[in-house]
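Novice: Give me a model of this one.
(chains A, B and C)
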Amino acid sequence: MEDEERLCISSGSDWMSEMPSGFWDIPLWNLSIPGSHDTMSYCLDERSSVLKSLPWVVQVLDTFFPCIVRPCIIKWATTQEDSITNQLDLGIRFLDLRIAHKIKDPDKVFYFAHGIYSLLTVKEALTEVAHWLDQHSKEVVIIALSAFDGMNLDQHKDLIQFLLSTFDKKMCPNHIVPSLQQCWNHNYQVILSYDDSAAFGYEELWPQCEYWWADTSDPNNVISYLEERKTEGRPVHRGMAVDQADLSHVSKACCHARAPVLDINQNMPGANLLCCFLVEEQRPCSAVLYPPVFGFYMVEEELRSAGGGGAVTGARGGNDCCITRLLSVVESELQAGREKGDPTEKQLKVSLEDSELWRKFKEVTNEMIVTKNGRRMFPVLKVSVTGLDPNAMYSFLLDFSPADGHRWKYVNGEWVPAGKPEPHSHSCVYIHPDSPNFGAHWMKAPVSFNKVKLTNKLNGGGQIMLNSLHKYEPQIHIVRVGGSHRMVTNISFTDTQFIAVTAYQNEEITALKIKHNPFAKAFLDAKESSTSEKLFLSIGAILRIISNLQLKTSMWGYRTADGSYQTPTLCVLLVVVTFPILEVYRLLPTMGTNTTQACTGTEQPRTHLPTCPAIITTVAIIQFFSFFFEVSLSENLSPGAVQMFSSHEGWTGVSPPGPAAMLSMQPAPSSPGASSQYPCLWTVSSCTVSSSPPGGIVSATHSQEEPADGGSTSTSPCSLLQGHGPTSSEGGVDQASHSRASNGLEF
DNA sequence: TCTCACACCTTTGAAGTGG
DNA sequence: CCACTTCAAAGGTGTGAGA
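Specialist: Below is the predicted model:
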């Protein structure tokens, strides 16, 4: 960044309006904006009871020894000394407000809370803010409301109504990309983040700020943590991000970053020195262009810059000794209080349920339907969690980040990138309905996001809005709530990526959804009934074949030594019974299936493999018994073979595998017209059964169009043996017999 | 590419029943 | 009072026609 762009503004109360024009069009989240941690903690009420969210020991002690407990809490909890108006005058533009409603308080009065309740009410404080904004019409304040201790839905509604009426047209809608210029053009002065699901549906309310917390008091670790997070890119969902760094193990947080939150705590000299440095040396509006330079990184850089004599501002030049001393104090202070962290959460593990199913969808590029009214996800995103603190409170959130920088289209059976993506539209964060809840609750069973709905319209109601034909990756955020210790863990699984669509493009995806989603069972049953119907067609086909054989042998029997014919009833029955049994076996994977049935992978192998033995065996039986026929089939079949029967879609749905995949029942080709004791030579594939012509193999076609009368279309099972007219003639099969066969089966 | 009505299914919860 | 069953309503699916 050029030095000119690092201009520091001397005035705190109107520094935004005094920003150089180069910053006017930069989204606010790309500016480094000073804020105050627990903004309202300067007015905690010693007479109020402690919060119920505090450990029970503290509550018990407060019951018996309030005169001791409360001053201690106030000393610990007071992170600010200046009033909210003074903070704004000093340049603070990010307000961290923890809201609470006093237990058993019948009035609709809301307070701030940090350990105990505040003296000032929310109404009083925010009215003060609104008044200040009236006097500073070009200043923009980011207000983050969170915690909401002891509040129910009705109270949320009351509070939201108050916010809407207080700030009215000053509130920047959440679909706007807020820059100074944008805000000035529309007189927006408030960006209000409301960290509760009650805010869904209000376009004036922004989602929760994302906190990046290094969870360490070591400045080097803070820097490396923020550097690492910086490489991951910006938060995927809109809203302010707070990169927070705890400079003391007692949670006297000094926060800074994209929307830095500065703690002006008087009790922590190290932190205060650094904060003072930030405030007095860096100053508000020490803005950075994208990519954002994070707080401490910037401090470090500017320290080097100042120390190296490259004065950015006149005030900093020649302050080498001062800076070194400051850093030394900070380092020693922080070294003394290394954070201990929570050993439990360090072992946090999150695993994806149904990962095998997700993987199958991923293999064929998963698709998720988005509709105007919202459509559930399938497979359902479900995770198992271990390693949480069983007694701590957590919220589980879900949002969706663009998986890549493409728009996609489905062309010729595959997804291909198709240009630049639409701007990532505002996507609500879905808060798991069980939130907040104890760690023990989250760990006792897999956490399922089965109720989340995906939409392509911005219609609130907690639905996730996605762009159609864009690829997304779900992200789960585990947020520790209800205490000053705030932990955020983000988890995502690449197998859960999908392309949002308004209608399924890939038939394989449709098949997988129908197969595994119980709500789509109707279509599974439809397929089954269709299959069963075809099964009977197949049985009919084989019977016609047998019938046809009977015709060709003049009678259904074999010639004995004395020249008479015997009817091999048992053989016929075997043929008739074997085929349906094998057919049923073949259909087993699809019949009676439910969601618990394991998927065998893509549809192709499922229908492919069992088909072969069914046909092979059936044909082999026919072949075997035809051995007894006086009239060899080979005499009646043309070498230019036609298909046998392929009534089921599953058979023909399999692409003809080509010669390499063919199974030859008897490899030796017969010369056309050659008479043999063996009736014919068969070649069997997964979907075709044909006599083997010298020149090659005829591929299969569907037999659904098979005429009911067993006519002479080439796809008819009858036609397998008789349908090639010239050959039939050559074989000497008389037309009368043919007609008789078409009229019915005789057994 | 998207929307919508539709048939068909599962899920859910209230009502009924019996021990 | 509880456990179990029944049943109807609500809601989740993919489909296919049409915009």
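Novice: Compute the number of surrounding residues for the residue in the stretch 151-300 of chain A that DNA strand C sits nearest to.
Specialist: Going by CB to the nearest atom of the strand, DNA strand C is nearest to A:Phe200 of the stretch 151-300 of chain A, at 16.0 Å. (Glycine included, C-beta is placed from N, CA and C.) Residues near A:Phe200, counting by other CB atoms under 10 Å, number 17.
Novice: State the distance from it to DNA strand B.
Specialist: Distance from A:Phe200 to DNA strand B, counting by CB to the nearest atom of the strand, to the nearest Å: 20 Å.
Novice: Tell me if I'm right that that residue and A:Val429 touch.
Specialist: No: with contacts counted by CB atoms under 8 Å, A:Phe200 stays clear of A:Val429, the gap being 9.4 Å.
Novice: mind checking how far the closest residue to DNA strand C within the stretch 251-400 of chain A is from A:Glu507?
Specialist: Residue nearest to DNA strand C within the stretch 251-400 of chain A (CB to the nearest atom of the strand): A:Arg376, separated by 3.6 Å. Using CB to CB, to the nearest Å, A:Arg376 is found at 21 Å from A:Glu507.
Novice: do A:Leu119 as well
Specialist: 66 Å.
Novice: who's more crowded, those two?
Specialist: Comparing A:Leu119 with A:Glu507 by other CB under 10 Å, the one with more neighbours is A:Leu119, at 16 against 12.
Novice: Which secondary structure state does that one sit in?
Specialist: strand (DSSP: H, G, I helix; E, B strand; the rest coil).
Novice: Let me see the contact set for it.
Specialist: A:43-45 (CB atoms under 8 Å, 6 or more residues apart in numbering).
Novice: Just put those residues in JSON lines and tack on distance to DNA strand C.
Specialist: Below are these laid out as JSON lines (distance: CB to the nearest atom of the strand, whole Å):
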{"residue": "A:Cys43", "distance to DNA strand C": "45"}
{"residue": "A:Leu44", "distance to DNA strand C": "44"}
{"residue": "A:Asp45", "distance to DNA strand C": "44"}
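Novice: Highest neighbour count among those?
Specialist: A:Leu44 leads the contacts of A:Leu119 on contacts (other CB under 10 Å) with 25 neighbours.
Novice: what's the nearest residue to A:Lys471 if we skip its chain neighbours?
Specialist: A:Ala403 (4.1 Å; CB to CB, 6 or more residues apart in numbering).
Novice: right, I mislabeled it, should have said A:Gln155
Specialist: A:Gln155's closest residue in space is A:His101 (CB to CB, 6+ apart), at 5.6 Å.
Novice: how many neighbours does the one you found have?
Specialist: Other residues close to A:His101 by other CB under 10 Å number 23.
Novice: all strands for the stretch 401-550 of chain A, in order.
Specialist: For the stretch 401-550 of chain A, strands defined by DSSP state E, counting those that start in this stretch occupy the ranges A:414-417, A:430-431, A:437-438, A:447-448, A:453-455, A:464-465, A:470-481, A:488-492, A:498-501.
Novice: Now render these as a markdown table, adding mean pLDDT.
Specialist: Listed next are the strands of the stretch 401-550 of chain A as a markdown table, based on pLDDT from 0 to 100:
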| stretch | mean pLDDT |
| --- | --- |
| strand A:414-417 | 90 |
| strand A:430-431 | 88 |
| strand A:437-438 | 86 |
| strand A:447-448 | 92 |
| strand A:453-455 | 91 |
| strand A:464-465 | 88 |
| strand A:470-481 | 90 |
| strand A:488-492 | 84 |
| strand A:498-501 | 94 |
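Novice: Scan the helices and strands of chain A for the one with the lowest mean pLDDT.
Specialist: In chain A, the helix or strand scored least confidently by mean pLDDT, DSSP states H and E is strand A:682-684, which has a mean of 22.
Novice: Just give the closest residue to the one residue in the stretch 1-150 of chain A that gets nearest to DNA strand C, not the sequence neighbours.
Specialist: The minimum distance from the stretch 1-150 of chain A to DNA strand C, using CB to the nearest atom of the strand, falls at A:Phe148 (26.8 Å). In this structure, A:Phe148 finds its nearest non-sequential neighbour in A:Ile99, 5.1 Å apart by CB to CB, 6+ apart.
Novice: can you tell me the average pLDDT over whichever strand or helix holds that neighbour?
Specialist: Using DSSP states H and E, A:Ile99 maps to strand A:94-100. Here strand A:94-100 scores 88 as its mean pLDDT.
Novice: tell me which parts of the stretch 401-550 of chain A are close to DNA strand C?
Specialist: By CB under 7 Å from any atom of the strand, the residues of the stretch 401-550 of chain A that approach DNA strand C are A:503-504, A:510, A:513-514, A:517, A:519-520, A:522-523.
Novice: Repeat that for the stretch 251-400 of chain A.
Specialist: Residues of the stretch 251-400 of chain A lying close to DNA strand C by CB under 7 Å from any atom of the strand are A:369, A:375-376, A:378.
Novice: Closest one to A:Val416 out of those residues, please.
Specialist: Set against A:Val416, the nearest of those by CB to CB is A:Ile369 (20.3 Å).
Novice: thinking the closest one is in contact with A:Lys453, fair?
Specialist: No: counting by CB under 8 Å, A:Ile369 does not reach A:Lys453; the two are 10.3 Å apart.
Novice: Would you confirm that the residue nearest to A:Gln155 contacts A:Asp154?
Specialist: No: applying CB under 8 Å as the test, A:His101 and A:Asp154 come out as separate, 10.5 Å apart.
Novice: Now do the same contact list for the closest residue to A:Ser49 other than its chain neighbours.
Specialist: Leaving aside its sequence neighbours, A:Ser49 sits nearest to A:Asp62 (CB to CB, 6+ apart; 6.2 Å). Neighbour list for A:Asp62: A:49-50, A:69-70 [criterion: CB under 8 Å, 6+ apart].
Novice: Quick check: which of those are also close to DNA strand B?
Specialist: Applying CB under 7 Å from any atom of the strand to those, none is adjacent to DNA strand B.
Novice: can you list the residues you listed in CSV and add pLDDT?
Specialist: Putting the contacts of A:Asp62 into CSV (pLDDT from 0 to 100) gives the following:
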residue, pLDDT
A:Ser49, 81
A:Val50, 82
A:Val69, 78
A:Arg70, 80
